[in-house]
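*Asks:* return atomic coordinates for the entry below.
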Amino acid sequence: MDMETGEQTTKTSEKDIMLNLFENQATVRQNQLVVDWLERNAADQISRTYDKTEYYSRSVCWENTLHELKQKSASLPSSERALVSHVDPDAPIRENKPLADLDKEDEARLLREVFMMIRAGQLEEAQRLCKKCGQAWRAATLEGWRLYHDNNMKAVPASGDLATVEGNPYRDIWKAVCWRMAEDERFNIYERAVYAALSGNLREILPACEYWDDCLWAYYRVMVDQQVEQEIREKLHSRRELEQLPPVYQEKHLTPTRIFMELQAHPSQVVEEQSKERHRVIQKYIVLPDLDALIEEMGDWLKDESNPPSHHMVRFMAHVVLFLRSLALQTKEEICVAIMEAYVKDLIKEKRIKLVATYTAQLPQSMQTSWYATFLEGIQEKDERQHCLQMAEEAGLDVAQITKTVVENIRTRDDTDLGESTPALEAATSEEDRHKIEAIDWLVFDPSQRAEALKQSNAIIRTFLACKKHDAAREVFQKIPEDSIDVIMRNWQATAGSTQLTADDANAIREYLCIKAYLSALSTFNDWFGHYHNKRPTPPILPDRANFHEKVRYEHEQKEHEMELEHWQQALNVLSQGVVDNINNVLLFVDGGWMVDQRTDGEVDESRQEQLEGLRQLCIPMLCVILHTVLHTTGRYRECVALADTIASEQYELYKVFSRAELQELLGKMRESSLHLLDQDLDPLGYEISS
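*Replies:* Numbering: from 1, shown residues only. Modelled structure (predicted):
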């Protein structure tokens, strides 16, 4: 083979040199990967938008021009325009004459399509198209770029059958011819670009490149061509001197950084503007690669309030961060967290329920709870809430801490000062109150969180009681399952055995029982109040100048009224005693008093202690007034006066929660009860006066 071609004197061919270069030089491989990526993108674009072109000439090259020439040679009528006199491939340039109009259109379309296919890395498709249009000669010109390789130079098989020789032994000459052809302005712009791409002539490729991707492909293709060509010319030993390429071929030393700088200053406004587009900037830094600059750039976009990134861009940025993390590439973690946080925020805003947990789990532990809790605040449906908690658990989030934070966020939103209470006995429940009530549902799904549910419900109820929103407080109380104390004890025994319950949990249970006693007292008073004022039988009225029948009916109705009044009085006595018992359960609450912690060995919550003391000062005087009202109204004057002993008792120290004005008001009411006792010939305390 060496004798036939006069080419190589060693066993290393052009193809071997190229393969060794790609194997040993990572930068060359990376540059080729960029070319492959850009070509694959272009191929995808062609597959989506390609509109099959129809040509006027089929199977025969320049069929319309050939027809015109045959017409002239037969002296038949034909076009008077001066056309080429031959139809060989060089005729239009050699004779400087045009083809027929239809053939010119075909030629322009064909050349553009061939360039698009080479741009997409589909050289074989371009050759097939040329053959289909009768230009097999053009398909052959596209074949000359292949590197020469002869396996027979290394070894001949034992069978004696020679292997097929690959490539073009005179590739250097072919390349020089392509270069000169690309610079010949008589050729079509796309034809020049085709041969420029095959010969590494960057200056002649760029005019055919309309967009940023096309220009980047042209630069990188030429850069790889230069690297391969230089390696071949340095290491190939040939008997003949290789054809020299123009000096400009190596004058421009291309590097990735220089390429992107030139694209940013490209003379085409379209390319220059595209180079500033955010997804192009991301591609640039990945290609370079400069990951720190990429992360910093994306971080700056998040801060750009005048032109914030779209949701789709934030999503892409987040996945870039996740991809870098999957490769264990260390970069600016603080900015990466900000990017992930921005994407989680977008998901919450758009209510992408199925995605929030997964991406929240990518945030640092300290941020997971707050963001997922923020997300859960907007979930209202019970089934949806359970589903969200299940997804959080599957994503590895701290569900217990999250649900606690949700309730605390809702509970403390627009929190009311305990000192701000309405003078009315009952305040209306607002929409915001409704959210606080429903927030407790987050903690009752999981029995292991029952202690936390108790603490949070107590906190919400304290706020409602301070505002005299007793109905709202009652709704929160009813959210807690009745077996909660047993569940808390079982959970504690399962983890801690027979050791004593923590002070926080023990005090929360005691507070729950205090609230239960207080709400029971109010409920029985409401029942008593409704019965006393609304259900008292109305006595019959005897009409003036009543006749005999009307008098008889009146006497009958009077007897019925007396019976109903007796039944009403009996029910009133039962209800009255219920009020007295339930209020006394609050006033005489065991082991230290109502809303007073029994255990003091735990961590002290100053805010909670202030709230408990505030409720004692608010509720106990009010209950004493209610108790006196019920006793006085039902004629139990002696018990009214005896209430003073309970208040003054040093065992319960109830007098300490009264203000001076409240004590004076209550003593004034007791004075009225004492006057009634005196009217009954008893002493002021209700005892019989000894004679």
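*Asks:* now L682. Its backbone dihedrals?
*Replies:* For L682, the backbone dihedrals are phi -110, psi 160 (criterion: degrees, to the nearest 10).
*Asks:* residues contacting it?
*Replies:* L682 makes contact with 638, 688-689, according to Cβ atoms under 8 Å, 6 or more residues apart in numbering. The way it works is simple: take the backbone N, C-alpha and C, and place the C-beta from them, glycine included.
*Asks:* swap in 10 Å and give it another go.
*Replies:* Shown here is L682, whose contacts under the criterion Cβ atoms under 10 Å, 6 or more residues apart in numbering are 637-638, 674, 676, 688-689.
*Asks:* which of those ranks first by neighbour count?
*Replies:* Y637 (24 neighbours; other Cβ atoms under 10 Å).
*Asks:* now that one: closest residue in space, sequence neighbours ignored.
*Replies:* Distances taken as Cβ to Cβ, 6 or more residues apart in numbering put S673 closest to Y637, at 4.3 Å, once the chain neighbours are dropped.
*Asks:* please work out the average pLDDT along the host helix or strand of that neighbour.
*Replies:* Secondary-structure assignment from DSSP states H and E places S673 in helix 660-679. If you average the pLDDT over helix 660-679, you get 92.
*Asks:* helices or strands up against that helix?
*Replies:* For helix 660-679, the packing partners by 3 or more Cβ pairs under 10 Å, 6 or more residues apart in numbering; DSSP states H and E come out as helix 606-633, helix 637-648.
*Asks:* would you mark the buried spots in the longest one?
*Replies:* Buried residues in helix 606-633, defined by neighbour count with 16 or more other Cβ atoms under 10 Å: 608, 611-612, 614-621, 623-624, 626-632.
*Asks:* hmm, the residue nearest to Y637 is touching V630, no?
*Replies:* No. Counting by Cβ atoms under 10 Å, S673 stays clear of V630, with 12.0 Å between them.
*Asks:* helices and strands of the protein: which one has the lowest mean pLDDT?
*Replies:* helix 2-5 (a mean of 44; mean pLDDT, DSSP states H and E).
*Asks:* before we move on, the earlier item: relative to S659, how far out is the residue nearest to Y637?
*Replies:* 21 Å (Cβ to Cβ, to the nearest Å).
*Asks:* please say which of these two ends up with more neighbours.
*Replies:* S673 (23 against 10).
*Asks:* contacts only, for G167.
*Replies:* 13-15, 143-150.
*Asks:* equivalent analysis for L587, please.
*Replies:* 517, 521, 593-594, 620, 623-624, 627, 643, 646-647, 649, 652, 654 are the contacts of L587 under Cβ under 10 Å, 6+ apart.
*Asks:* all helices for the stretch 151-300 of the chain, in order.
*Replies:* 171-183, 189-199, 202-205, 212-235, 248-251, 256-264, 269-274, 278-287, 291-303 (DSSP state H, counting those that start in this stretch).
*Asks:* quick one: closest of those to E107.
*Replies:* helix 189-199 (8.5 Å; Cβ to Cβ).
*Asks:* CA atoms of the helix or strand containing V356 as CSV?
*Replies:* Using DSSP H and E, V356 sits in helix 353-360. The C-alpha trace of helix 353-360 is given here as CSV (Å, rounded to 0.1, in the frame of the first residue of the first chain):
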residue,chain,number,x,y,z
ILE,A,353,-48.3,19.7,46.3
LYS,A,354,-46.7,16.5,45.0
LEU,A,355,-43.3,18.2,44.6
VAL,A,356,-42.9,20.4,47.6
ALA,A,357,-41.7,17.7,50.1
THR,A,358,-39.2,16.3,47.7
TYR,A,359,-37.4,19.6,47.0
THR,A,360,-37.8,20.9,50.6
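*Asks:* just use 48 as the starting number from now, easier for me
*Replies:* OK, 48 is where the count begins now, so the last one is helix 400-407.
*Asks:* other SSEs contacting that helix?
*Replies:* helix 358-373, helix 380-396, helix 412-423, helix 429-441, helix 446-459.
*Asks:* one more time with 7 Å
*Replies:* If you count contacts as 3 or more Cβ pairs under 7 Å, 6 or more residues apart in numbering; DSSP states H and E, helix 400-407 packs onto helix 380-396, helix 412-423, helix 429-441.
*Asks:* and the ones you listed as TSV, adding mean pLDDT?
*Replies:* Conversion of those to TSV gives the following (pLDDT from 0 to 100):
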stretch	mean pLDDT
helix 380-396	96
helix 412-423	94
helix 429-441	93
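*Asks:* a markdown table for these, including mean neighbour count?
*Replies:* Output for those, formatted as a markdown table (neighbours: other Cβ atoms under 10 Å):
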| stretch | mean neighbour count |
| --- | --- |
| helix 380-396 | 19 |
| helix 412-423 | 19 |
| helix 429-441 | 16 |
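*Asks:* adding distance to E154, write these out as TSV.
*Replies:* What follows is these, written out as TSV (distance: least, Cβ to Cβ, whole Å):
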stretch	distance to E154
helix 380-396	51
helix 412-423	62
helix 429-441	61
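*Asks:* which one of those lies nearest to A593?
*Replies:* helix 429-441 (63.1 Å).
*Asks:* just give me the closest of the contacts of G214 to N538.
*Replies:* Looking across the contacts of G214 and measuring by Cβ to Cβ, the closest to N538 is K62, at 73.8 Å.
*Asks:* you'd agree the closest one is up against H196?
*Replies:* Yes. Counting by Cβ atoms under 7 Å, H196 is a contact partner of K62 at 3.7 Å.
*Asks:* hey, what's in contact with both of those two?
*Replies:* The overlap between the contact sets of K62 and H196 (Cβ atoms under 7 Å, 6 or more residues apart in numbering) consists of 213-214.
*Asks:* looking at these two, which one has more neighbours?
*Replies:* Taking neighbours as other Cβ under 10 Å, K62 and H196 compare with H196 leading, 21 against 17.
*Asks:* for that one, grab phi and psi.
*Replies:* Dihedral angles for H196 - degrees, to the nearest 10 - are phi -160, psi 130.
*Asks:* got the contact list for it?
*Replies:* 60-63, 213-214.
*Asks:* put together JSON lines for these, with pLDDT on each row.
*Replies:* Compiled in JSON lines, these are given as follows (pLDDT from 0 to 100):
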{"residue": "S60", "pLDDT": "86"}
{"residue": "E61", "pLDDT": "88"}
{"residue": "K62", "pLDDT": "90"}
{"residue": "D63", "pLDDT": "89"}
{"residue": "E213", "pLDDT": "85"}
{"residue": "G214", "pLDDT": "87"}
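*Asks:* with distance to R175 added, can I get those in TSV?
*Replies:* Output for the contacts of H196, formatted as TSV (distance: Cβ to Cβ, whole Å):
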residue	distance to R175
S60	27
E61	26
K62	24
D63	29
E213	20
G214	20
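*Asks:* from those, which is closest to C225?
*Replies:* Nearest member of those to C225, counting by Cβ to Cβ, is G214, at 15.3 Å.
*Asks:* so how far is D63 from the closest one?
*Replies:* 11 Å.
*Asks:* same thing with Y390?
*Replies:* 49 Å.
*Asks:* next one: V453
*Replies:* Taking Cβ to Cβ, one finds V453 at 67 Å from D63.
*Asks:* equivalent analysis for I333, please.
*Replies:* Distance from I333 to D63, by Cβ to Cβ: 32 Å.
*Asks:* and if you look at Q311?
*Replies:* For Q311, the distance to D63 (Cβ to Cβ) stands at 38 Å.
*Asks:* the more surrounded of the two?
*Replies:* Neighbours were counted for Q311 and for D63 using other Cβ under 10 Å; D63 has more, 20 against 13.
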